[in-house]
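Participant: coordinates for the following, if possible.
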Amino acid sequence: MNSNLRWKAIFVAAVIALCIYGLVGLPDFPTSWTTVKQNLSQRIRLGLDLQGGTHLVLQVQVNEAVRQETNQRVSQLYTMLRDKNIASDQPVSTSDTQIKVSNLAPDRISDFRNIVGDSLQDWDIAGAPGETNGYLLNMKSAAVTAIQQRTMDQSVITIRRRIDQLGLREPVIEPYGQGENEIIVELAGEGDPTQAKDIISKGGQLEVRLVEDTHPYSSQAEALAAHSGILPPNTELLPGKSSSANGAAGAGEVWWLVSTTAQITGRDLRTARAQRSTQRPPYYDVGFNLTTDAGTRFGQFTEPNIGKSIATILDHKVELVATLNGKIEDQGVIEGTFTEQEATDMALVLEAGALPASITYLEERTVGPSLGADSIRHGVQASLTSLIVVLIFMVLYYRSAGVNAVIALLLNLLILLAALAYFTAVLTLPGIAGVILTIGMGVDSNVLIFERIREELRAGKSAVSAVDLGFKRAFLTIIDTHVTTVVSAIFLFLFGTGPIKGFAISLTIGLVANLFTSVYVSRMIFDWHLAKKTQQSELSI
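Facilitator: Residues are numbered from 1 along each chain as shown. Okay, the predicted model is just below:
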């Protein structure tokens, strides 16, 4: 064996060793087949359709984020008009995307237009119908679309962070559907699906707002009656526990009249943590720290409102009402009758990030492990059957050269499975289909090469020359077919959902491995076979 061939053999042996290590690790001596299977199952991660788990389709209520943006602009506009001494009625939001300003001082209308043009560039201004000095501000459609898209992106990131903190491996969390603001969540066989769903469902929308009335109401009707049937502008009623008023345990529900504008939200949090309550043992509280910018804004809000009450609101429910005794800048506490687990879960939700809008469940489906085991069994049976049939055909039709193809094909599958293990990719049922297709592509490459070699032998070329020309002339065709298929797989990966991505990944890895085995390894085996011959003779092909 010449030195060049020897180094090729060493390289191929090293690749095989790395593949075996990636699949089963370093074996213990003595080892057993059971240990090998356990190591293999730990390294090849199975998807939802094979392992079982939970499949959820969520819908994000993006209009809530649009409405929150409008409410914040109402507060901003009121502050700017007050600072500029422009007389008008207090701005109010008349819809999710509209603000109305009435009774503007006629001599300050131009100043009002300048404020809108400079500070509210995403809003169009128009006269209010039937009002001489009234104006409507309408959010531009491009701004609405941008908020909705940002809400979807943030929701996906937030849900992924929460699921990751639960320790679930390789969850699928991504947009789903065609413009319906939907997110698909697939949790394959890891963790507690009930706990995961509970963590996802918690909106985690922390808000701190000013309380408009100093006392709660026992019902919405009572609150409306206290205000002659009409709530003050830019206020709303939110439910809360009766314990919110005095910190004592109580099960009754009360209603608080609060501002619609949140001074700080969950997006302003830097950290959150569960801590034992010093005032109400054995209960726990949730402490949080604000970002620098949020701390500055909160300080500017709390300083002029000392003596007034503020409400800590979580998921549109009042958790705590407290009196401002001084300026607050960088931290706060959510008090309540929380158990340690409840406080820990709430801190997890808040620290992972607040959902910018609430979510609803459109679909929930559980895949049992028995169904996954059945899919694995049928998938493996299909793969082995196709492999055995192909191998028998190659050996019968191409004789000794067919054995070469068998070795290359088996090595191709070994590299494919090892790559899935190294990249921690998830094997799905469509992924198994990709493995089967890889078998077909591998055989196709060998058939191209072998037929080229046969043509050269019929033309009177020697065995060495026929092998050399056969590989060279088939190479461009093999590259062409593989590149076009890989491009198709890339598009499937970019635009497909979880299982389709699994198919694209397994197919791409299999095609790259096939280039190595059908061209490099198969050529090395031919060279080794020819090097053993003492004289020129016919190839068994």
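
Participant: quick one, phi psi at Ser540?
Facilitator: In terms of degrees, to the nearest 10, the main-chain angles of Ser540 are phi -90, psi 80.

Participant: ok, longest helix in the protein?
Facilitator: For the chain, the helix with the greatest residue count under DSSP state H is helix 463-495.

Participant: that one: how far from the chain's middle?
Facilitator: In terms of CA atoms, centre = their mean, to the nearest Å, the centre of helix 463-495 is found 34 Å from the chain centre.

Participant: buried ones in it, by neighbour count?
Facilitator: For helix 463-495, the neighbour count (16 or more other CB atoms under 10 Å) marks 463, 466-471, 474-475, 478, 482, 485, 489, 492-493 as buried. For every residue, glycine as well, the C-beta is placed using N, CA and C.

Participant: contacts for the following helix or strand past it next, please.
Facilitator: For helix 463-495, the following helix or strand on the C-terminal side (DSSP states H and E) is helix 498-515. Residues from elsewhere that reach helix 498-515 (CB atoms under 8 Å, 6 or more residues apart in numbering): 47-49, 172, 174, 184, 186, 411-412, 415-416, 419-420, 425-435, 437-438, 441-442, 445, 478-479, 482, 485-486, 489-490, 492-493, 496.

Participant: helix 498-515 to helix 463-495, inter-axis angle?
Facilitator: Compare the direction of helix 498-515 with that of helix 463-495 by axes from the mean of the first three to the mean of the last three CA atoms, to 10 degrees and you get 160 degrees.

Participant: change the start of the numbering to 168 and stick with it
Facilitator: Renumbered: residue one is now 168, and that last one reads helix 665-682.

Participant: tell me the mean pLDDT over helix 665-682?
Facilitator: The average of the pLDDT scores along helix 665-682 is 84.

Participant: so Gly598 is in contact with Ile211, correct?
Facilitator: No - look at Gly598 against Ile211 with CB atoms under 8 Å: they stay out of range, at 10.2 Å.

Participant: who has more neighbours, the two?
Facilitator: Comparing Gly598 with Ile211 by neighbour count (other CB atoms under 10 Å), the higher total belongs to Gly598, at 27 against 18.

Participant: what kind of secondary structure is that one in?
Facilitator: Secondary structure state of Gly598, per DSSP: H, G, I helix; E, B strand; the rest coil, is helix.

Participant: for it, what are its contacts?
Facilitator: Gly214, Leu587, Pro666, Gly669, Phe670, Ile672, Ser673.

Participant: adding neighbour count, write those residues out as CSV.
Facilitator: Shown next, in CSV, are the contacts of Gly598 (neighbours: other CB atoms under 10 Å):
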residue, neighbour count
Gly214, 28
Leu587, 24
Pro666, 19
Gly669, 29
Phe670, 22
Ile672, 23
Ser673, 28
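
Participant: need the max-distance pair from those.
Facilitator: The span of these, defined through CB to CB, is set by Leu587 and Pro666 at 14.6 Å.

Participant: related to what we said a few turns ago, quick check: neighbours shared by Gly598 and Ile211?
Facilitator: Joint contacts of Gly598 and Ile211 (CB under 8 Å, 6+ apart) are Leu587.

Participant: wait, doesn't Pro461 sit right on Ile431?
Facilitator: Wrong residue type there; residue 461 is Ala, not Pro. Yes - with contact defined as CB under 8 Å, Ala461 reaches Ile431; the gap is 5.3 Å.

Participant: what about these two, which has more around it?
Facilitator: Each of Ala461 and Ile431 has its neighbours counted (other CB under 10 Å); Ile431 has more, 23 against 20.

Participant: so what's the more buried one up against?
Facilitator: Ile431 touches Leu373, Glu374, Val375, Leu457, Ala461, Arg464, Phe465, counting by CB under 8 Å, 6+ apart.

Participant: tell me the secondary structure for the third one?
Facilitator: Recorded secondary structure, Val375: strand (three-state DSSP).

Participant: shouldn't Glu374 be in contact with Ala429?
Facilitator: Yes - with contact defined as CB under 8 Å, Glu374 reaches Ala429; the gap is 3.9 Å.

Participant: any common contacting residues for those two?
Facilitator: Ile480.
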